[in-house]
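Student: Here is my input, please return the structure:
(2 chains)
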Amino acid sequence: MNRKILHNADEVIIVENLTKKFGNFTAVDAISFEVKRGEIFGFLGANGAGKTTAMRILCGLSIPSGGKGMVAGYDIAHEQEKIKKNIGYMSQKFSLYDDLKVWENIELFGGIYGMKDIDIKRKTNELMLQLQFENERDKLVKSLPLGVKQKLAFSVAIFHNPQVVFLDEPTGGVDPITRRQFWELIYDATAKGITVFVTTHYMDEAEYCDRVSIMVDGKIEALDSPKNLKNQFQATNMNEVFQQLARKATRADS
Amino acid sequence: MKQLISFIQKEFRHILRDRTTVMILLLMPIIQIILFGFALTTEVKNTEVAVLVPTNDEVTDRIVDKIHASAYFDVVKNIHGTNEIETVFRDGKAKLVVVFENHFAQNLQHTGKAHIQLIADATDPNAANSFVFYAGNIIAAYQQELSSQGKEGLLIQPEVKMLYNPQMKGAYNFVPGVLGMIMILICAMMTSIAIVREKEMGTMEILLVSPMKPIYIVLSKIAPYFVLSCINFATIILLSVFVLNVPVAGSFASLIVVSLIYIFVSLALGLLISTLTSSQLAAMMISGMALMIPVMLLSGMIFPVENMPTWLQWISNFVPARWYISAAKSIMIKGLGITSVLKELSVLSVMGITLLLISLKKFKIRLE
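Tutor: Numbers count the residues shown, from 1 in each chain, chains lettered A, B, ... in the order given. Predicted structure coming up:
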């Protein structure tokens, strides 16, 4: 298994035997997978299965203890700064800066990713139209409802047109209708060629993914399209698939 | 560069939206200057005294012995000319100089009258008042003693002179203290809270995933508080010059240099606190415990460092405000130049660099 990983234009994420140890504890245990350009990749697992740790490594926030990988064409062990320029990130906890206005938040993140002022202005106008947000433009983010905030947060995360966007439980606490709208935004993003890497606890959302991996105790136990997984586990929906796999878990909630 | 500018812009927006905090930060120095303008009592204990005795005789020996024997004073130096008085004060060798007139005992015997001059360093006016009062009492007691021995009608006349602060303005002493406190409060406490807030809100995670350099995050956090400190510095100086009529006796440029170094120490301290804590509340508690109390009590702002027990004096060496206040006093009140506060400057610089190195090392680039 010492094959050298080369950047492949069709695969935005390539991971081979990725391992992360904290002392004696192996949080991520030699996982391997590939994510294709423009794909929606669901990254599932119970709490404590190691998905957050794996995702942090992919985002350049943590250095792997073993294995190798490429994200957006850059090595995860040595080229974190380059990776950071080419990815977007959004987590459930993040809901933009509450005391900044909508356009100020957009301008800030455009600036952080080194976008030109003209581009920021033009894209902000486009985005306001697309989200039907013209009236909210000058409002403080804290005055917006949670669902709207999350939609805005996603739009900000892909504002600089990254190759891949990482979504860490993006719809936590959001009502079903807004969740549906949120997923429409995700589809729009993939139409623009942005790859989506998403973790979620909602199994109905897992059905929307092109492919799904399920992590149990640091290992990937299943990886395929939702349809194939349901066939493989003889289940009627993703929830049953998940239950069958998660039952084997020995690790408690972290 | 664009990154940094966008981020600094954001920090200013955060602060300007938070009207209450800005008002508190801007009004605090004004209120404190007024509050601390009131006098506080100071205890006198083992204060260093220098004596100038042009003609040694029985009477002068007795008086010097009595001063030395009291719990209030220690006679540490004999000087031989009026030109040395200034040096003794500037070097901090003594707080009080007792000057006897020529042929003291002869004058007392022949004319029934002799003069003593008590010259005090009134940089700290409350203390100076007490020194003179106690010394006057000792002399009066000696006079009583002479009368009881049947030598009535002899009069020793003390004449009091306050150096550096002839009008005994209490504010003289508090202006540097308030400067020292306000700046450490704003730079250290507010900076640490601002950084920790991002951690608590989860936005720090987003910043760490972005290509934003950590040093930029730190610099932009510091920028608005730096501006606020400068405004406060100006307010305090203006208040002290135009309202309290306390001029800056020394060079204004030196005062600014010292203050900038002190601001640097405070910012480094704030950064360190932010790396040690993960909640705003904890940052506030640490700032309160580790900064406010030592600055108020151990810096010489309220209680003179010389009057503290030795172990507290030793601890006070680690309080940056102590060095700043001492330097600011020398420049603002005694009118000394930058060369006379080199010790304070170097202590502050070493503190700043050490704190900065520790905190940059601890400032986590990655989340784990």
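Student: continuing past whatever helix or strand B:Ala105 lives in, what's the next helix or strand?
Tutor: Element membership for B:Ala105, per DSSP states H and E: helix B:104-111. Helices and strands here follow DSSP H and E; after helix B:104-111, the next one along the chain is strand B:113-121.
Student: can you tell me the residue of chain A closest to chain B?
Tutor: Closest approach of chain A to chain B (C-beta to the nearest C-beta) occurs at A:Gly111, with a separation of 2.6 Å. In short, each C-beta sits where N, CA and C put it, glycine included.
Student: Thought A:Thr124 was touching that residue, still the case?
Tutor: No: in this structure A:Gly111 lies outside contact range of A:Thr124 using C-beta atoms under 8 Å: 11.9 Å.
Student: related to what we said a few turns ago, work out for me the element the closest residue to the residue of chain A closest to chain B other than its chain neighbours sits within.
Tutor: Nearest residue to A:Gly111, sequence neighbours excluded (C-beta to C-beta, 6 or more residues apart in numbering or on different chains): B:Ser6, at 2.6 Å. Using DSSP H and E, the element containing B:Ser6 is helix B:2-17.
Student: Show me which residues of chain A sit near chain B.
Tutor: A:22, A:56, A:59-63, A:81, A:84-85, A:87, A:89-91, A:93-94, A:96-100, A:104, A:107-114, A:140, A:166 (C-beta under 8 Å from any C-beta of the partner chain).
Student: Give me the buried subset of those.
Tutor: A:56, A:59-62, A:84-85, A:87, A:89-91, A:94, A:96-100, A:104, A:107-113, A:140, A:166 (16 or more other C-beta atoms under 10 Å in any protein chain shown).
Student: Let's check: the centremost residue of chain B is which one?
Tutor: B:Ile325 (2.7 Å; C-alpha atoms, centre = their mean).
Student: how many other residues sit next to whichever residue of the stretch 151-300 of chain B sits closest to chain A?
Tutor: Proximity of the stretch 151-300 of chain B to chain A (C-beta to the nearest C-beta) peaks at B:Gly202, 3.4 Å away. Other residues lying near B:Gly202 total 13 when counted by other C-beta atoms under 10 Å in any protein chain shown.
Student: what's the answer for B:Ala94, then?
Tutor: Counted with other C-beta under 10 Å, B:Ala94 comes out at 25.
Student: Also A:Gly218?
Tutor: 24.
Student: Please apply the same query to B:Thr191.
Tutor: Counted with other C-beta under 10 Å, B:Thr191 comes out at 27.
Student: looking at it, it is touching B:Lys221, isn't it?
Tutor: Yes: here B:Thr191 reaches B:Lys221: they are 5.9 Å apart, a contact under C-beta under 8 Å.
Student: tell me the SS of A:Met90?
Tutor: strand (DSSP: H, G, I helix; E, B strand; the rest coil).
Student: Spatially nearest residue to it (excluding sequence neighbours)?
Tutor: Leaving aside its sequence neighbours, A:Met90 sits nearest to A:Ala157 (C-beta to C-beta, 6+ apart; 4.0 Å).
Student: mind listing what that neighbour touches?
Tutor: For A:Ala157, the contact set (C-beta atoms under 8 Å, 6 or more residues apart in numbering or on different chains) comprises A:Gly88, A:Tyr89, A:Met90, A:Val165, A:Leu167.
Student: so where do the strands sit in chain A?
Tutor: For chain A, the strands defined by DSSP state E cover A:11-22, A:25-36, A:40-45, A:66-71, A:74-75, A:87-91, A:164-168, A:195-199, A:211-216, A:219-224.
Student: Arrange these in CSV, one row each, with mean pLDDT as further columns.
Tutor: Putting the strands of chain A into CSV (pLDDT from 0 to 100) gives the following:
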stretch, mean pLDDT
strand A:11-22, 92
strand A:25-36, 92
strand A:40-45, 93
strand A:66-71, 92
strand A:74-75, 92
strand A:87-91, 91
strand A:164-168, 93
strand A:195-199, 95
strand A:211-216, 93
strand A:219-224, 91
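Student: Could you list the low-pLDDT ranges of chain A?
Tutor: Per-residue confidence for chain A (pLDDT under 70) gives these ranges: A:1-9, A:94-95, A:252-254.
Student: ok, now chain B?
Tutor: Using pLDDT under 70, chain B drops low at B:36-44, B:150-154, B:162, B:165-173, B:364-368.
Student: which bits of it sit near chain A?
Tutor: Counting by C-beta under 8 Å from any C-beta, chain B sits next to chain A at B:2-3, B:5-7, B:9-10, B:13-14, B:17-18, B:201-203, B:205-212, B:366-368.
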